[in-house]
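J.: Sequence first, predicted coordinates after that:
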Amino acid sequence: MAEEYSFPPFGEEMLKALEKFGGTKMETYKGKDIRPLWDFKGGPILWSYKYLYAAPKLEKIAITVQSFRDKLMCYTTIIWPDDHHALPVFSTFWAESEKGSFFLLDFYPTADCICDIDYMEKYLDPLEDLWEEGKKHYPDLPGRNPNWFRAMHSPYLISADFHPSTKQDQDRLMKLVFDYLNVYHRLWEKDEPRDPAYMQRLIERREAMRINMLEKDPGGIMVEHAFGKEIAHLGLTALF
């Protein structure tokens with residue numbers, strides 16, 4: 001008998017895992033009330049939540065879970081460092097349905113790693129073994145992601161696009177996400193403020209990432225068509 005399909009418990013497990021950062025839930029962000037995003041529904045979105053947390057050394061932690069008519073789930077978690085720390089941006093996106101999965105997991109470097117090898121060795125090299133394991137199951141997807149995204153990601157991106165979805169794949173992807181998150185947490189624990197002159201270029205690159213995500217994220221276009229520009233902009237600004 002075929003195994004009955006069910007969605008993975010990504011949201012519940014991620015919320016528990018994020019507690020280790022000691023964050024506090026944010027009600028406003030950049031002067032905007034973001035509580036409407038805590039329980040957002042309508043149109044194709046049957047239910048969803050987006051939470052932001054403030055934590056030491058970080059600008060914000062954002063987690064989003066969205067149900068599209070209980071046929072497709074979209075999970076996003078992104079962690080942005082503050083202006084004083086050189087941490088990369090932790091990011092994962094997972095669109096999951098019985099028909100298949102599309103998955104992204106990475107630490108987006110805030111430095112140009114070929115110009116700053118020390119940065120790569122400190123913040124990205126700890127992913128080497130996990131990346132090697134992930135690539136055994138999910139090789140690169142040439143041409144699947146747009147050029148601006150390919151210019152942004154690290155050498156340790158794991159991307160997957162496959163069908164159908166299975167419990168084995170769900171478990172494997174969940175493990176990869178939380179293994180990457182554990183590495184990020186260890187880096188976060190040890191990280192110290194950096195010289196403002198050094199941080200200037202890193203902040204510039206980080207903000208360029210943010211601008212491109214805000215302008216080009218396809219999920220924002222879907223929400224805008226369903227609910228209008230105001231709520232779409234609020235959701236994207238909270239996330240990115």
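T.: Nice, I can see it. In this text, all values refer to a predicted model and were calculated from it rather than measured experimentally. Numbers count the residues shown, from 1 in each chain.

J.: C-alpha only now, for contacts and for neighbours.
T.: Fine.

J.: what residues does the longest helix seen in the chain touch?
T.: Longest helix in the chain, counting residues (DSSP state H): helix 167-190. Applying Cα atoms under 8 Å, 6 or more residues apart in numbering, the external contacts of helix 167-190 come out as 5, 8, 10, 17, 20-21, 57, 87, 90, 92, 105-106, 123, 126-127, 130, 134.

J.: in that helix, what counts as buried?
T.: 170, 173-174, 176-177, 180-181, 184-185, 187-188 (16 or more other Cα atoms under 10 Å).

J.: quick one: contacts for C115?
T.: Taking Cα under 8 Å, 6+ apart, one finds nothing in contact with C115.

J.: ugh, wrong one, I meant S91
T.: 76-79, 104-108.

J.: From these, which land in helices?
T.: Short answer: the contacts of S91 have none in helices (DSSP H).

J.: want to throw those into JSON lines with pLDDT and neighbour count?
T.: Output for those, formatted as JSON lines (pLDDT from 0 to 100; neighbours: other Cα atoms under 10 Å):
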{"residue": "T76", "pLDDT": "97", "neighbour count": "22"}
{"residue": "T77", "pLDDT": "98", "neighbour count": "24"}
{"residue": "I78", "pLDDT": "98", "neighbour count": "20"}
{"residue": "I79", "pLDDT": "98", "neighbour count": "25"}
{"residue": "L104", "pLDDT": "96", "neighbour count": "18"}
{"residue": "L105", "pLDDT": "97", "neighbour count": "26"}
{"residue": "D106", "pLDDT": "98", "neighbour count": "25"}
{"residue": "F107", "pLDDT": "98", "neighbour count": "26"}
{"residue": "Y108", "pLDDT": "98", "neighbour count": "22"}
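
J.: Out of those residues, which is nearest to A208?
T.: Among the contacts of S91, Y108 lies closest to A208 (Cα to Cα), at 11.8 Å.

J.: quick one: contacts for the closest one?
T.: Neighbours of Y108 in contact, by Cα under 8 Å, 6+ apart: 88-91, 152-154.

J.: Let me have the buried residues of helix 167-190 in JSON lines, adding pLDDT and distance to A208 as columns.
T.: Shown next, in JSON lines, are these (pLDDT from 0 to 100; distance: Cα to Cα, whole Å):
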{"residue": "Q170", "pLDDT": "96", "distance to A208": "32"}
{"residue": "L173", "pLDDT": "97", "distance to A208": "28"}
{"residue": "M174", "pLDDT": "98", "distance to A208": "29"}
{"residue": "L176", "pLDDT": "98", "distance to A208": "27"}
{"residue": "V177", "pLDDT": "98", "distance to A208": "25"}
{"residue": "Y180", "pLDDT": "98", "distance to A208": "23"}
{"residue": "L181", "pLDDT": "98", "distance to A208": "23"}
{"residue": "Y184", "pLDDT": "98", "distance to A208": "22"}
{"residue": "H185", "pLDDT": "98", "distance to A208": "24"}
{"residue": "L187", "pLDDT": "98", "distance to A208": "23"}
{"residue": "W188", "pLDDT": "98", "distance to A208": "22"}
